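Participant: next one to model:
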Amino acid sequence: MFNKGNKSEILNTEKVDTIIGLSTNIEGTIRATGTLRINGNVTGELIITGNVIIGDSSIIQGNIKAENVYVAGTVNGNVTASGQLQLTSTAKIIGDVDVKNIIIDEGAVFEGHCKAVPNEGSIKKEKGKDNISIA
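Facilitator: Numbering: from 1, shown residues only. Alright, predicted model coming up:
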């Protein structure tokens, strides 16, 4: 589920544009628009203008850049989401994340650094100083 303001949008297969099947292994960079669901394995970078859904048996070896990322499987790489990152109880991320919002269910594994900034204006650095003020 990805939140947009106060509304919730449930990801379902009717809105998925591309599906990578359970027995599929892909090597290389994937660039796509819309919602991508991965049930197989990918070695390479995912650059998605839209959403990415990583199935519970999937293994991703590479970085992910997308609007929203839903992880139920394993990601060995960095995740950048301009919207929301959700880790289910079966998720495992080994890498750094840079997101707007993050949801981590109990049982999920996350090993790395997390930068979660709600919006660009919420943290501003004072000119000429190393102090950070939160507005």
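Participant: could you measure from the residue most central in space within the chain over to Ser23?
Facilitator: The chain has Val69 as the residue nearest its centroid, 3.0 Å off, counting by C-alpha atoms, centre = their mean. Distance, Val69 to Ser23, using C-beta to C-beta, to the nearest Å: 23 Å. Quick note: C-beta positions are derived from backbone N, CA and C, even for glycine.
Participant: contacting residues for Leu85?
Facilitator: Asn68, Val69, Val71, Val79, Val97, Val99, Asn101, Ile102, Ile103 (C-beta atoms under 8 Å, 6 or more residues apart in numbering).
Participant: and what of Val97?
Facilitator: By C-beta under 8 Å, 6+ apart, the contact list for Val97 reads Asn78, Val79, Thr80, Ala81, Leu85, Phe110, Gly112, His113, Cys114, Lys115, Ala116.
Participant: same check on Ile104?
Facilitator: Per C-beta under 8 Å, 6+ apart, neighbours of Ile104: Gln86, Leu87, Ala91, Phe110.
Participant: please repeat the previous calculation with a cut-off of 6 Å.
Facilitator: By C-beta atoms under 6 Å, 6 or more residues apart in numbering, the residues touching Ile104 are Leu87.
Participant: helices and strands of this protein: which one bottoms out on pLDDT?
Facilitator: In the chain, the helix or strand scored least confidently by mean pLDDT, DSSP states H and E is strand 7-9, which has a mean of 39.
Participant: buried ones in the following helix or strand past it, by neighbour count?
Facilitator: Following strand 7-9 in sequence order, the next helix or strand is strand 18-20 (DSSP states H and E). Using 16 or more other C-beta atoms under 10 Å as the burial criterion, the residues of strand 18-20 that qualify are Ile19, Ile20.
Participant: mind listing residues that contact the helix or strand following strand 18-20?
Facilitator: With elements assigned by DSSP H and E, the helix or strand that comes after strand 18-20 is strand 25-27. Here strand 25-27 makes contact (C-beta under 6 Å, 6+ apart) with Asn41, Val42, Thr43, Gly44.
Participant: ok, 7 Å please
Facilitator: Strand 25-27 is contacted by residues Ile20, Gly40, Asn41, Val42, Thr43, Gly44 when judged by C-beta atoms under 7 Å, 6 or more residues apart in numbering.
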